[in-house]
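Enquirer: The following comprises the amino acid sequence and a computationally predicted model.
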Protein chains: 2
Amino acid sequence: MNGAHALIRTLVEAGVDVCFANPGTSEMHFVAALDDVPAMRAVLTLFEGVATGAADGYGRMAGRPAATLLHLGPGLANGIANLHNARRARTPLVNIVGDHATYHKRLDAPLESDIDALASAVSGWFRRSLTTSDVAADAAVAVAAARSAPGCVATLVLPADVSWGDGGRPADRMRHRVPAPVRPAVVREVADALTGEGPRVLFLGGNALTERGLLAAARVAAATGARLLCETFPARLPRGAGLPVVRPLAYPPEPALADLAGTRHLVLAGAREPVAFFAYPDLPGSFVPEGCEVQLLAEPGEDATEALCALADLLADELPSEPIAEVSLERRPAPPTGALTTRTLAGAVGALLPEDAIVVDEAVTSGAYLAAATAGCPRHDWLTLTGGAIGQGLPVATGAAVACPDRPVISIQADGSAMYTITALWTQARERLDVTTVICDNGAYAILDGELERVGAARDGLRARRLLDLTGPALNFVALATGLGVPARRADSADELVDHLRWAFAEPGPHLIQAVLQSVPR
Amino acid sequence: MNGAHALIRTLVEAGVDVCFANPGTSEMHFVAALDDVPAMRAVLTLFEGVATGAADGYGRMAGRPAATLLHLGPGLANGIANLHNARRARTPLVNIVGDHATYHKRLDAPLESDIDALASAVSGWFRRSLTTSDVAADAAVAVAAARSAPGCVATLVLPADVSWGDGGRPADRMRHRVPAPVRPAVVREVADALTGEGPRVLFLGGNALTERGLLAAARVAAATGARLLCETFPARLPRGAGLPVVRPLAYPPEPALADLAGTRHLVLAGAREPVAFFAYPDLPGSFVPEGCEVQLLAEPGEDATEALCALADLLADELPSEPIAEVSLERRPAPPTGALTTRTLAGAVGALLPEDAIVVDEAVTSGAYLAAATAGCPRHDWLTLTGGAIGQGLPVATGAAVACPDRPVISIQADGSAMYTITALWTQARERLDVTTVICDNGAYAILDGELERVGAARDGLRARRLLDLTGPALNFVALATGLGVPARRADSADELVDHLRWAFAEPGPHLIQAVLQSVPR
């Protein structure tokens, strides 16, 4: 048995049975071995950033890793932006990078590059398999590393001769580290802080953001008067009727600072201390106000959900007898009519979001009203841009749909960001994935307009503005989707968007809607 | 004057007056400063790999660097594959990467990543500007480093606060290292070797591939009987009627080994020793046959063209009196008719290639007949995929067209590779660049079919084959180009391709032709 064969069998045995691939010559034995291991599903992508983003979406929804298959250093490089997002999401992911044969590297052939340096920037675990007899064991360790709490990108470099050499044999699955329990003393300390004086905030993230975790957090809030907030960009947030509304902290620094102003106790559950996404002249980088005490209930790698449950139980005596007000009622907005704006776009999604949907949100500035409009929709999951590397939405939607074939995926996508990984649509078409992509078309990198002003750099200059503008020519997403095999329609009004969403949700398979937003004077 | 302003003025002063940009928040002061320095032309791309590939194409044609403007680590990562190609091409390129403010980095905000590790993999020179007063001087050194022979990617990291801080002042242009002259003793040794016994090959690359260098090499060949070959993937190769035909060494290992078999003296001029692109079981990695003596006339960084001229002068007495047979006659194939195949595609290009054209060749397997069909066309330049990282053709064509607005660019592009950086078409439309893109549509990663067999991994398995197949759904490049604002037509026969090429060459601005190649049974 060759190394590739042993590797694939080991992955399958360890529960990794999907591989998002963009292979080249050095990966041909891996590709050939796929025919011998039908349990491994290989999904072809046209660009490595789609493969890595899809593996991120898969891992967030499946709770176990998918593999990638990338072609040497440049293939890895093309996948790094979405591996960066996966790293920030703490998604379990087994990143397999083919390389030249071990003895070929010294020749510095054209595709030779420093894979180790590239991989180090995004990997929580890294290994280069050096012999065929080791590769399966290396893969078993990689899977365990990827799955060990809190989850990471585990990169395994697979030289071509290790892959094609004889003498491989599959390795057994290895145990991974589960989230560590939080000590009762820590829970008691946090309970004391939350029942103390002054404004208190319970700040949730990571593995606190489960249904049980959210419901426990709502009980804590009801018992103590603490406010609930969560990370600005959660990897996966359960939402909808019957679940507490947990508002993500605002992205712009001014409202985030205002939101936390005066807080005396900030308790972190699965989240890190909130910081500004970017530095701005004359604004602080940390959002923790002066004089605020930060307490850690559970850090990433610990079991924040269980810690919240323990905390809620400890505070049970403080609970009011009334039902918990923070839980969303089932309530949808009416389907909107008239002009298509960010507000009516959100209304249309809220009116029609299918049951048990997975929402992938890379709407950026166009998504301002989505959270409010969907809070009372049926139970759904919300996946966001965790690492700020745009071009994540379409791939993550692709991987989420592979992980959850029975759940509808709706991918709400900014126009500029969509162009980074637009070929994800082709993979959606090929795999017949039930993904509805809504392109929020405002013809601009609109977020940068605001940023240009926020950093104090705003001018009237046309040359600067032209670098934020996506018209001239305008992007025709209906044509782009058609070119990639995905049925598409254009909506110029809220009524049309509602019609098109009904069309897309009614039919299986991928669809795209270009939602042309009414331009707002800038 | 802020740092961004001083930086841009310094770049312009040093001759860098084009910037291929894909900015984000941390680059907003750079963007704003563009309005104050109209001499800097900023070209927006929709993806960083387009920006870096365009800067590569620009540098190859202009002989001086363009700048890029990329957004932090993930933006750099998206540009790395084409920076890798630029590195292999030894293109002078100033790679500007924005970063968080210096004091913000410790907060590990979502977009924080190890830029230094990422940049190290592709940069010949690297620096992080630490103060506003230094940034202009750093930029002057970066330009000099990029331009110093043999040329490299010089990466300058620009923290946001260095950019927005006050106290910048432009720095003077710095001198760069020109190619070193080759010592006369070396030229004499090479002359002795080339007039010695046994088969001899003069192997050209890098800065040997100029008109003067090629003509001198042809005189050397005529005087000594040595054969002329060049690198498989030259950065820029002048070709056409009146110039010697210099055949690139074959890409597959078998013909390359056969071509060099029995060679007693291999003389390198601007090129490195030829090695296999990939390792294959049972084939050697080096193409230099046993018993062959390798001699260095000029290494990268030395002046190979002048060395070839000196060598030709030294051998002038050996020159036959007849004209040099190796020089191409003016001769074009007749416009082809009938089925559209790789052969008739090449014939159509050969029949119609405009004068003074720039050909960007990422045709991969579909380009087999292009060299022969175009050898007698009017004088043109040929730009190839130097580093093997696919997705280079459309961006390089974009940059070449910016560098040479008066020359027609024809970009011959494999279908699979085109999808990596397809958004380059949008930049071509926006800048109204005279680029004709011909997509060689064979519906497959056809090269991998061959590679699957060559590595000994071929099977009849359908699951493996499906990973090399680009149909289901078929890519519609006419729709894709339309979506990106580029007029496009589909050719299903050689006659149609000829018609469409005439259409594209007659009109200014970008055009795309989807050349649907007759499928060959596999």
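Expert: Good, I have the coordinates. Residues are numbered from 1 along each chain as shown, chains lettered A, B, ... in the order given.

Enquirer: From the chain's centroid, how far away is stretch A:233-240?
Expert: Here the centre of stretch A:233-240 is set off from its chain's centre by 10 Å, with CA atoms, centre = their mean, to the nearest Å.

Enquirer: hmm, that stretch in reach of chain B?
Expert: Yes. For a cut-off given as CB under 8 Å from any CB of the partner chain, stretch A:233-240 has contacts with chain B, namely A:F233. Just so you know, the C-beta spots here come from the backbone N, C-alpha and C atoms, and that holds for glycine as well.

Enquirer: So which residues make contact with that stretch?
Expert: Counting contacts by CB atoms under 8 Å, 6 or more residues apart in numbering or on different chains, the residues outside stretch A:233-240 that touch it are A:60-61, A:88-91, A:205-206, A:209-211, A:214, A:230, A:245-246, A:248, A:328, A:374-388, B:110.

Enquirer: quick one: average pLDDT of it?
Expert: Stretch A:233-240 comes out with an average pLDDT of 98.

Enquirer: CA atoms of it as CSV?
Expert: Extracted C-alpha coordinates of stretch A:233-240, given in CSV (Å, rounded to 0.1, in the frame of the first residue of the first chain):
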residue,chain,number,x,y,z
PHE,A,233,-17.7,38.0,14.6
PRO,A,234,-18.7,34.6,16.0
ALA,A,235,-17.7,31.5,14.2
ARG,A,236,-21.2,30.1,14.7
LEU,A,237,-24.1,31.6,16.6
PRO,A,238,-27.4,29.8,17.2
ARG,A,239,-30.3,32.2,16.8
GLY,A,240,-34.0,32.5,16.3
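
Enquirer: Could I get the buried residue list for that stretch?
Expert: Applying a neighbour-count criterion of 16 or more other CB atoms under 10 Å in any protein chain shown, one finds A:233-240 buried in stretch A:233-240.

Enquirer: Chain B: which of those residues is nearest?
Expert: Set against chain B, the nearest of the buried residues of stretch A:233-240 by CB to the nearest CB is A:F233 (6.7 Å).

Enquirer: Look at that closest one and give its secondary structure.
Expert: coil (DSSP: H, G, I helix; E, B strand; the rest coil).

Enquirer: host element of whichever residue of the stretch 301-450 of chain A sits closest to chain B?
Expert: Residue nearest to chain B within the stretch 301-450 of chain A (CB to the nearest CB): A:A389, separated by 3.5 Å. Assignment of secondary structure by DSSP states H and E places A:A389 within no helix or strand.

Enquirer: Compute the number of surrounding residues for it.
Expert: 31 (other CB atoms under 10 Å in any protein chain shown).

Enquirer: coming back round to it: pull out the buried members of the contacts of stretch A:233-240.
Expert: A:60-61, A:88-91, A:205-206, A:209-210, A:214, A:230, A:245-246, A:248, A:328, A:374-388, B:110.

Enquirer: Can you flag which of those belong to strands?
Expert: A:230, A:248, A:380-384 (DSSP state E).

Enquirer: now chain A, which segments are flagged as low pLDDT?
Expert: A:322-325, A:458-460, A:520-522 (pLDDT under 70).

Enquirer: for it, longest helix please?
Expert: In chain A, taking DSSP state H as the definition, the longest helix is helix A:72-89.

Enquirer: Would you mind measuring from the residue in chain A sticking out farthest from the centre to B:V122?
Expert: Computed with CA atoms, centre = their mean, the residue of chain A farthest from its C-alpha average is A:L107, at 39.1 Å. Note on A:L107: its distance to B:V122, by CB to CB, to the nearest Å, is 19 Å.
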